[in-house]
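>>> Provided below are the primary sequence and the corresponding predicted coordinates.
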Amino acid sequence: MKCEKPDHELCSVAAISSHMHLRLLQKSDFQQYDTLFYGTSDPTINPAEMWMTALAAARANVAWTFFNYPLGSEWLRQDIEEIFGPHSFPYADTPFAAVYMLGLDSSLVKRFTPMSLDRMILAETKLATMTLEEAVEVIKPVRRRQNFCVLNYFEDTIQKRVFCSKKSNLWYKRYRRQTIGEIVKRGTEKLGGTIIYFLFGWYAAKSGSVILFPHSVQGDVWNAFAAGAKLHGGVARLYPVGGLDVMTSHQWDLVRRDQQWRKAPVDVIRRLSAHPFMHVLEAELLEKKNYCAVSYDTATDTFAFVSDF
């Protein structure tokens with residue numbers, strides 16, 4: 001995987017190669033009973049990421065798991081009304097959306113197991129009883145950027161972030177001594193991506209699952225993942241792919257206007273899985289391992305790569 005980013009020292013490949021507790025796999029390295037694992041920090045799935053995980057699992061001929069992060073009503077509203085906007089997400093749960101996307105009789109569905117991030121954390125006493133401050137102290141030594149988002153919350157209808165800085169009263173006086181278990185049980189605040197990847201790394205080292213490794217995720221996030229694997233003491237195995245964003249052409253126009261990233265409707269990913277463009281995209285994602293921004297024109301039933309993202 002050649003990195004052409006100008007800030008190569010922050011890229012995912014450089015981060016992974018510097019950690020003894022992480023190992024990159026090729027397709028031939030998979031074992032018969034391996035499970036490919038990935039997920040999202042949102043209460044609803046990201047259909048494009050779920051499809052990418054399923055596609056990689058099919059290529060490796062293994063089972064796969066995808067997690068989401070159940071949260072309170074305000075987070076769910078934001079996902080459905082804004083992140084999927086102007087389309088909808090009319091599904092009660094992740095498994096049903098996966099079945100609809102991939103087809104009830106699909107071998108991919110039969111090899112799929114959904115997971116809830118909060119249950120995953122609460123089932124691990126070491127993670128559930130860890131304070132946010134304890135997690136931060138484990139993560140900081142391996143990150144280049146020491147001040148990072150620990151959790152997100154809503155003030156009225158505005159999403160705000162709490163950083164692990166002594167300058168933040170919310171962090172220092174309110175949140176740093178709260179346990180990760182307390183946060184995920186409440187579901188009113190959302191753990192930051194760095195913390196989630198740290199927990200993800202610990203779980204990966206413990207479970208032995210193979211983790212999907214999108215090259216498009218920045219290296220400092222994978223440094224936090226490595227900190228979790230190191231804390232457990234095991235080795236986390238990662239399978240590299242490119243990276244994928246799929247939206248309708250209308251959604252891409254909105255992103256250009258308001259800079260608000262969005263998720264493609266499940267219907268679009270269902271169509272993609274049966275469209276001739278899928279083979280072109282599969283080669284870019286799994287063979288060339290490129291980041292792919294994809295647009296779908298609903299009027300002409302055509303997919304195309306987006307060049308300005």
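On my side now, so go ahead. As the structure is a prediction and not an experimental result, all values here were calculated from the model.
>>> contacts, neighbours, all on C-alpha from now
OK.
>>> Run through the strands of the stretch 51-200 of the chain in chain order.
Counting by DSSP state E, counting those that start in this stretch, one finds strands in the stretch 51-200 of the chain at the ranges 63-68, 112-116, 149-155, 158-163, 190-191.
>>> Now do the longest one, average pLDDT.
If I follow you right, that is strand 149-155. The average of the pLDDT scores along strand 149-155 is 95.
>>> can you list contacts of stretch 92-112?
Stretch 92-112 is contacted from outside by 44-45, 50, 54, 57-58, 62-66, 68, 91, 114, 266-267, 269-270, 273, using CA atoms under 8 Å, 6 or more residues apart in numbering.
>>> Checking my notes, Lys206 in a strand, right?
No - Lys206 is assigned helix when assessed by DSSP: H, G, I helix; E, B strand; the rest coil, not a strand.
>>> rewinding a little: how about JSON lines for the strands of the stretch 51-200 of the chain, with distance to Trp222 added?
Listed next are those as JSON lines, based on distance: least, CA to CA, whole Å:
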{"stretch": "strand 63-68", "distance to Trp222": "18"}
{"stretch": "strand 112-116", "distance to Trp222": "21"}
{"stretch": "strand 149-155", "distance to Trp222": "15"}
{"stretch": "strand 158-163", "distance to Trp222": "18"}
{"stretch": "strand 190-191", "distance to Trp222": "16"}
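>>> Compare those strands and report which one is nearest to Asn290.
For the strands of the stretch 51-200 of the chain, proximity to Asn290 was assessed by CA to CA; strand 63-68 is nearest, at 21.5 Å.
>>> Which strands border that closest one, and is each parallel or antiparallel?
Strand pairing for strand 63-68, determined by DSSP bridges: strand 35-39 (parallel), strand 112-116 (parallel).
>>> now, of these, which is deepest in the fold?
strand 35-39 (a mean of 24; mean count of other CA atoms under 10 Å).
>>> any idea what sits nearest the residue nearest the centre of the chain, other than its immediate chain neighbours?
Compute the mean C-alpha point of the chain, and by CA atoms, centre = their mean the closest residue is Thr40, 3.9 Å away. Leaving aside its sequence neighbours, Thr40 sits nearest to Asn68 (CA to CA, 6 or more residues apart in numbering; 5.1 Å).
>>> Number of residues surrounding the nearest residue to Glu182 once chain neighbours are set aside?
Distance criterion CA to CA, 6+ apart; nearest residue to Glu182, sequence neighbours excluded, is Ala128 at 7.6 Å. Residues near Ala128, counting by other CA atoms under 10 Å, number 21.
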